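[1] I would like to see how this sequence folds:
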Amino acid sequence: MTEVQSPSGVLLIDKPRGITSHDVVSRLRRAFNMQRIGHAGTLDPDATGLLILCLGKATKLSMTLSEKDKTYRVGFLLGKETDTYDSVGQVLAERPVNATREAVESVLQGFVGTQVQRPPIYSAVKVKGRKLYEYARAGKPVEIPTRHVTIHSIQLLRLEGAEGEIEVACSKGTY
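    Numbering: from 1, shown residues only. This next block holds a predicted model:
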């Protein structure tokens, strides 16, 4: 009887909106009937895009890959504030915006460089073994630690009224 080897390598997944990175890993664990699967960085459930998975012996690469810089394309809407800092949260404030391309580009350039950032309460960052969004959903206060992040570049790709799209090159852990 020959021994069946588990797959090993790096798998690139186009993660759809509405599922977590952990959901993708769980589905693949069942599909491949294996436990050694990890990802090289979490994508928000509302985000779509490249999720890098490491299978079998390649799981040793996941920490190295997760430490690398990232590039994101991000859609935005000016003039709305939500309790989760994203499009799925409860709207707290809304105001009309009449911003020029030059004004938006000027504000974006102010983010370039190294800065101290506090991750949002609705994030997967862990504090005392629990994800921040678990504290938020339970209505429990928690001290959110700050961290240094670096924005290497931000490019305004599109601006139509209050809606736009940017491309951000940044260090790991940037929100």
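[2] got any ranges where this protein has weak pLDDT?
    1-5 (pLDDT under 70).
[3] just checking, what packs against the longest strand seen in it?
    Ordering each strand of the chain by length in residues (DSSP state E) puts strand 147-160 first. Under the contact criterion of 3 or more CB pairs under 8 Å, 6 or more residues apart in numbering; DSSP states H and E, strand 147-160 touches helix 101-109, strand 113-117, strand 163-170. Yep, even glycine has a C-beta here, placed from its N, CA and C like the rest.
[4] among the ones you listed, which is nearest L51?
    When the helices and strands packed on strand 147-160 are ranked by proximity to L51, the top entry is strand 163-170, at 17.1 Å, counting by CB to CB.
[5] Can you name every helix or strand that the closest one contacts?
    Using 3+ CB pairs under 8 Å, 6+ apart, strand 163-170 is in contact with strand 70-77, strand 147-160.
[6] Spell out for me which residue occupies the centre of the protein.
    Computing the C-alpha centroid of the chain and ranking residues by CA atoms, centre = their mean puts L43 first, at 4.0 Å.
[7] That one is in contact with S66, isn't it?
    No. Contact criterion CB atoms under 8 Å: L43 and S66 do not qualify, at 11.9 Å.
[8] which parts of the helix ranked longest in the chain are buried?
    Identified as the longest helix of the chain according to DSSP state H is helix 21-32. Within helix 21-32, the residues that count as buried by 16 or more other CB atoms under 10 Å are 21, 24-25, 28.
[9] Mind listing what's buried along stretch 105-115?
    Going by 16+ other CB under 10 Å, stretch 105-115 has these buried residues: 108, 111.
[10] So which residues make contact with it?
    Applying CB atoms under 8 Å, 6 or more residues apart in numbering, the set of residues contacting stretch 105-115 from outside is 148-154, 156, 166.
[11] Rebuild the helices and strands packed on strand 163-170 as JSON lines, extending it with distance to G9 and mean neighbour count.
    As requested, the helices and strands packed on strand 163-170 are arranged in JSON lines below (distance: least, CB to CB, whole Å; neighbours: other CB atoms under 10 Å):
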{"stretch": "strand 70-77", "distance to G9": "21", "mean neighbour count": "13"}
{"stretch": "strand 147-160", "distance to G9": "29", "mean neighbour count": "15"}
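[12] Can you add distance to P119 and give these back as TSV?
    Below are the helices and strands packed on strand 163-170 laid out as TSV (distance: least, CB to CB, whole Å):
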stretch	distance to P119
strand 70-77	15
strand 147-160	7
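[13] Compute the number of surrounding residues for the nearest residue to P16 once chain neighbours are set aside.
    What sits nearest to P16 in space, not counting adjacent residues and going by CB to CB, 6 or more residues apart in numbering, is T48, at 6.0 Å. Residue neighbour count, defined by other CB atoms under 10 Å, stands at 13 for T48.
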